[in-house]
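*Asks:* sharing a model that was predicted from the sequence below.
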There are 2 protein chains.
Amino acid sequence: MKAVGVIVEYNPFHNGHLYHIKEAKAQTHSDVAIAVMSGYFLQRGEPAIVSKWARTKMALKSHADIVVELPYAFAVQKAETFAEGAVSILGELQCTSLFFGSENGDIDSFLDTAIYTIKHKDELDEEVKRHISTGMSYPAAMAKAFHNVSDGTRALDLSKPNNILGFHYVKAILQDDIGMKPATLTRLSSDYHDIDLPEGPSHIASATSIRKSILETMSLSDSSSFLPEASAEELEEYAGTFGLWHSPENYFPFLKYSIHTMDTKELEGIYEVEEGLEHRIAKAIRTARSYSEYMEQLKTKRYTWTRLQRMNTHILTRAKKADIRSILAEKRPSYIRLLGMTKKGQAYLSKKKKELRVPLITKIGAFSHPSLDLDIKAGRVYSAPLKEPAQTMLTGQEYSLSPVIYDEENRTFLRT
Amino acid sequence: MKAVGVIVEYNPFHNGHLYHIKEAKAQTHSDVAIAVMSGYFLQRGEPAIVSKWARTKMALKSHADIVVELPYAFAVQKAETFAEGAVSILGELQCTSLFFGSENGDIDSFLDTAIYTIKHKDELDEEVKRHISTGMSYPAAMAKAFHNVSDGTRALDLSKPNNILGFHYVKAILQDDIGMKPATLTRLSSDYHDIDLPEGPSHIASATSIRKSILETMSLSDSSSFLPEASAEELEEYAGTFGLWHSPENYFPFLKYSIHTMDTKELEGIYEVEEGLEHRIAKAIRTARSYSEYMEQLKTKRYTWTRLQRMNTHILTRAKKADIRSILAEKRPSYIRLLGMTKKGQAYLSKKKKELRVPLITKIGAFSHPSLDLDIKAGRVYSAPLKEPAQTMLTGQEYSLSPVIYDEENRTFLRT
């Protein structure tokens, strides 16, 4: 059995994702698709619109065969760390290829660029450092450094978000010598950052625009044509059971409370609170009456919006520098948390699980690790805005739920 | 000018308090009454039903001349520490007498008992320790020890809550040699712990029963006959401005979030989390869907309900053992925070303030102290359940408000 890996957030799973995962299996001639997915909080520092369990169910109903969780310590991270964690898990699960969407669409550009940057690492690092010292953000500095050092001859535009991610996937594969063949396809959606749903006959929209529409209208009516039916069903069911779809604003009372109960020294101990940001944070929180007001006051040229959002998520989960650094010091995830699988995915895993070098976690309790503790904590924090008894129900799932099993032939869940 | 001190919480100010403060001035022939009052969180570990500013206004409209704040580190405490902090502040403000309500009503009983216990300290401490080791709560152990050691000859029943407080007031005066004459009067209310409003013609009810009625009916209709008009006005105004009256249940989402973001080691570092309570807390919070469910799961014979409530408040404010212990190591409050005064109170303070040995704080900013930082933090935590923009308005008051000034002759506030 042959597996293709995909690195996803499915926030929520939409038609673009459906196209991507179908193509992944087709183009790589794979029997199963393994999705490594962020959990409750995402790479860009936002809470997922619905829980990881609901997003797992969307994925399994839409051609994913195995869904595993990218631990918080690797997920709520800059592209490089996110990529390294995800690629490591897919390699461990013996995927023969990795398939990702990008603005560029040509895998040779990615390979060339990755090889080039590995070779010219010192030179590039020097350049990046120089640009950052002028007040540039890290991604901007990296794009510029690459452009300068490479003399502009490489085709990969590293200012595009999906090119950046893809570049780091490929680089991680090469650097860690993971036997996985990368492949890419041009994204159908015009722009990852589109914040409004497209007009006209397209059935592809960015996840950003879909979330915005759902959270603003508190309904799926405008976005449903951009979602597989399975996704709409799971989104509706989630809101019916838990009473909301999660938005950053829902967490503002807890973010505020968290900041209010820390002195500047404690704040400085939180991961990604760097270079005096603790003072900006303490000042902004005093007058901000909403998350958007707070972010407006916080933002600087130095840090990207997503970097600040990630920092806020770490303040919310009270993830300390020491905690995350000691997890990252292990270089790669020390376990694989299985969230769900189809029957075919189950068959694949039974074959491969004996060869795994890290534990495959199907239930909390038997295995203990600081990174898993952080995942559990993130789940509890994620549940905070829910009213009771929904909140206790959601946090209980973390302990009570075994991985979801989907019978793809009879289109029915054997276990949720 | 002669001042009488009273030690209060005014949660809310009711007819019993009115009777008490009038008698305090009359019986001690004092010109002014100085109230030292708990701030946002109270001795029994509950949030105040309305802010300290609103409670200050009630008091000034009802015969209090000066209202100062008992710092959090002394207020949310067992009776002994609460008493020591409050008595110290009243002594500093040169009150010539201290007037308190009690079940007993005879000041000689208090004096006798206090003298006796100071003399037999070691014997009593030994007895208390012995009872606690059998699983008894601290107050029960103390009442029993006193009864045993004194051979039952002393009249003061130390199982009654107001006798306990009064005993500690008198003991603090004697121990610290504070030149303040204690006096007591029998409380009119039948029982401090009454949880239901009395029926019949009485206009005196316990603060507990008044709060319960207000929070259950979300109106003052049943309780207004037990409140001076001034109190009802301030309670209504507070709810109109800030949108709620505070109850422990309002804080449950934040208490839960706070516990969820601490590991057991951090929890163990919180003040009053002793002897493995961190494990009980972590277990109880997993399934509790409300504060009352949580408290039901938490309670043991070993600790009184109020002791556990105080502990929860410290978890909520994230007040660490090290923080509070270093403040208490100074023995007495290192500043006096003025919340409000009448014109007569103002005249009294102008005369006395040069002789004060600790700073009189009228505005946050000029003076800095870890205990004041904790008061400020407690205020921010207190505001957490309020919706925005009310929350930001309330936390802003902590910085923007100067002490309230009430013109008692014209019955009007000169500054709020």
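*Replies:* Looks like it arrived, so ask away.

*Asks:* give me the secondary structure label for the nearest residue to A:Pro389 once chain neighbours are set aside.
*Replies:* Distances taken as Cβ to Cβ, 6 or more residues apart in numbering or on different chains put B:Arg289 closest to A:Pro389, at 4.6 Å, once the chain neighbours are dropped. In short, each C-beta sits where N, CA and C put it, glycine included. Following DSSP: H, G, I helix; E, B strand; the rest coil, we place B:Arg289 in the coil state.

*Asks:* near chain B, which residues of chain A?
*Replies:* Those residues of chain A that sit near chain B, judged by Cβ under 8 Å from any Cβ of the partner chain, are A:252-254, A:256-258, A:260-263, A:286-290, A:317-318, A:373, A:377, A:380-381, A:384, A:388-389, A:391-392, A:395-396.

*Asks:* in helices only, show me these.
*Replies:* For those, the ones inside helices are A:252-254, A:256-258, A:260, A:286-287, A:317, A:373, A:377, A:380-381, A:391-392, A:395-396, with DSSP state H as the criterion.

*Asks:* and the residues you listed, which are buried?
*Replies:* A:252-254, A:256-258, A:260, A:286, A:317, A:377, A:380-381, A:391-392, A:395 (16 or more other Cβ atoms under 10 Å in any protein chain shown).

*Asks:* biggest separation within those residues, which pair?
*Replies:* A:Arg286 and A:Thr392 (32.4 Å; Cβ to Cβ).

*Asks:* got the end-to-end distance for stretch A:75-84?
*Replies:* Distance between the boundary residues of stretch A:75-84 (Cα to Cα, to the nearest Å) amounts to 10 Å.

*Asks:* again with stretch A:294-308
*Replies:* 11 Å.

*Asks:* now that stretch: average pLDDT?
*Replies:* Averaged over stretch A:294-308, pLDDT sits at 92.

*Asks:* buried residues, stretch A:215-235. List them.
*Replies:* So for stretch A:215-235, counting by 16+ other Cβ under 10 Å, buried means A:215, A:220, A:222-224, A:226-228, A:230-235.

*Asks:* give me the distance between stretch A:250-265 and the centre of its chain.
*Replies:* Relative to the centre of its chain, stretch A:250-265 is centred 24 Å away, using Cα atoms, centre = their mean, to the nearest Å.

*Asks:* what does it contact?
*Replies:* A:47, A:244, A:267, A:270, A:278-279, A:281-282, A:285, A:288, A:290-291, A:294, A:312, A:315-316, A:318, A:381, A:384-385, B:253-254, B:257-258, B:261, B:317-318, B:373, B:377, B:380-381, B:384, B:388, B:391, B:395 (Cβ atoms under 8 Å, 6 or more residues apart in numbering or on different chains).

*Asks:* need the distance between the two termini of that stretch.
*Replies:* Taking Cα to Cα, stretch A:250-265 runs 26 Å from one end to the other.

*Asks:* rounded mean pLDDT for that stretch, please.
*Replies:* The average pLDDT for stretch A:250-265 rounds to 97.

*Asks:* show me where the stretch 251-400 of chain A has its strands.
*Replies:* A:336-342, A:360-361 (DSSP state E, counting those that start in this stretch).

*Asks:* distance to B:Lys352, mean pLDDT and mean neighbour count added to those strands, as a markdown table?
*Replies:* Output for these, formatted as a markdown table (distance: least, Cβ to Cβ, whole Å; pLDDT from 0 to 100; neighbours: other Cβ atoms under 10 Å in any protein chain shown):
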| stretch | distance to B:Lys352 | mean pLDDT | mean neighbour count |
| --- | --- | --- | --- |
| strand A:336-342 | 66 | 97 | 25 |
| strand A:360-361 | 67 | 94 | 18 |
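
*Asks:* format those as TSV; extra columns: distance to A:Ile405.
*Replies:* Converted to TSV, the strands of the stretch 251-400 of chain A look like this (distance: least, Cβ to Cβ, whole Å):
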stretch	distance to A:Ile405
strand A:336-342	6
strand A:360-361	15
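
*Asks:* who's in contact with A:Leu174?
*Replies:* Applying Cβ under 8 Å, 6+ apart to A:Leu174 gives the contacts A:Leu111, A:Ala114, A:Ile115, A:Ile118.

*Asks:* helix, strand or coil for the last one?
*Replies:* The assignment at A:Ile118 comes out as helix when based on three-state DSSP.

*Asks:* for it, give its distance to A:His168.
*Replies:* A:Ile118 sits 12 Å away from A:His168, going by Cβ to Cβ, to the nearest Å.
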